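**Q** below is the sequence, then the predicted model.
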Amino acid sequence: MNKNIECIHFSKCSGCSISTSVDSPPILKEAENYFATHGINDLKLISGKPIFWRCQAKLAVRGTYDHVKIGLYKKGTHEVLDIPFCKVHHPNINKAILTLKNFIQKEKIEPYNEQTGFGLLRYLQLAVDRKSGK
């Protein structure tokens with residue numbers, strides 16, 4: 001059974017290297033071939049659900065307080081891609097990002113600006129307890 005992530009951010013985001021057939025990544029064939037040369041032919045990949053599993057995220061904060069971007073860098077750049085609907089983040093990380101964006105806007109907290117070197121908020125570290133979801 002092929003597992004897919006189907007995230008709207010995938011084409012630009014640097015966070016995931018594959019989004020389709022994540023239960024049979026390209027490196028799996030390499031691993032199977034390697035172990036086969038050592039007499040191990042029953043290598044199996046055991047994977048969980050491909051979405052909503054990431055319970056920790058370090059995200060960059062850029063833009064302005066009224067147009068804040070919270071996310072990862074676009075592929076091949078140092079430009080922050082806003083990823084409010086990331087499919088691999090635990091849903092509570094995405095909820096926290098929305099809450100933080102509203103707080104940043106309300107309190108007029110300026111995100112870090114790489115050109116000027118000014119700004120009060122450069123990165124966020126978010127974590128969700130797997131057991132409680134908090």
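**A** Arrived safely. This one's a predicted model, so the numbers in the text were calculated from it and none came from an experiment.
**Q** what sits up against the longest helix along the chain?
**A** Identified as the longest helix of the chain according to DSSP state H is helix 91-107. Here helix 91-107 makes contact (CB atoms under 8 Å, 6 or more residues apart in numbering) with 52, 54-55, 57, 59, 61, 65-66, 68, 70, 84-86, 109, 111, 121, 124, 126, 128, 133-134. Where C-beta positions appear, they are placed from N, C-alpha and C, glycine not excepted.
**Q** report the distance from it to the chain centre.
**A** With CA atoms, centre = their mean, to the nearest Å as the basis, helix 91-107 stands 16 Å off its chain's centre.
**Q** same check on stretch 114-128?
**A** Relative to the centre of its chain, stretch 114-128 is centred 16 Å away, using CA atoms, centre = their mean.
**Q** tell me the mean pLDDT for that stretch?
**A** Model confidence over stretch 114-128, given as mean pLDDT, is 95.
**Q** just the buried residues of the contacts of helix 91-107.
**A** Neighbour counting with 16 or more other CB atoms under 10 Å marks 52, 54, 57, 59, 61, 65, 68, 70, 86, 111, 121, 124, 126, 128 as buried within the contacts of helix 91-107.
**Q** pLDDT below threshold where in the protein?
**A** Scanning the chain for pLDDT under 70 picks out the ranges 1-2.
**Q** any chance you could map the helices in it?
**A** Secondary structure of the chain (DSSP H): helices at 26-36, 91-107.
**Q** same list (those helices) but as JSON lines, adding distance to Lys44 and mean neighbour count.
**A** Below are the helices of the chain laid out as JSON lines (distance: least, CB to CB, whole Å; neighbours: other CB atoms under 10 Å):
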{"stretch": "helix 26-36", "distance to Lys44": "10", "mean neighbour count": "12"}
{"stretch": "helix 91-107", "distance to Lys44": "29", "mean neighbour count": "15"}
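**Q** which residues touch the most centrally placed residue in the chain?
**A** Most central in the chain under CA atoms, centre = their mean is Gly15, positioned 4.7 Å from the mean C-alpha point. Residues near Gly15 by CB under 8 Å, 6+ apart: 9, 72, 83, 86, 88.
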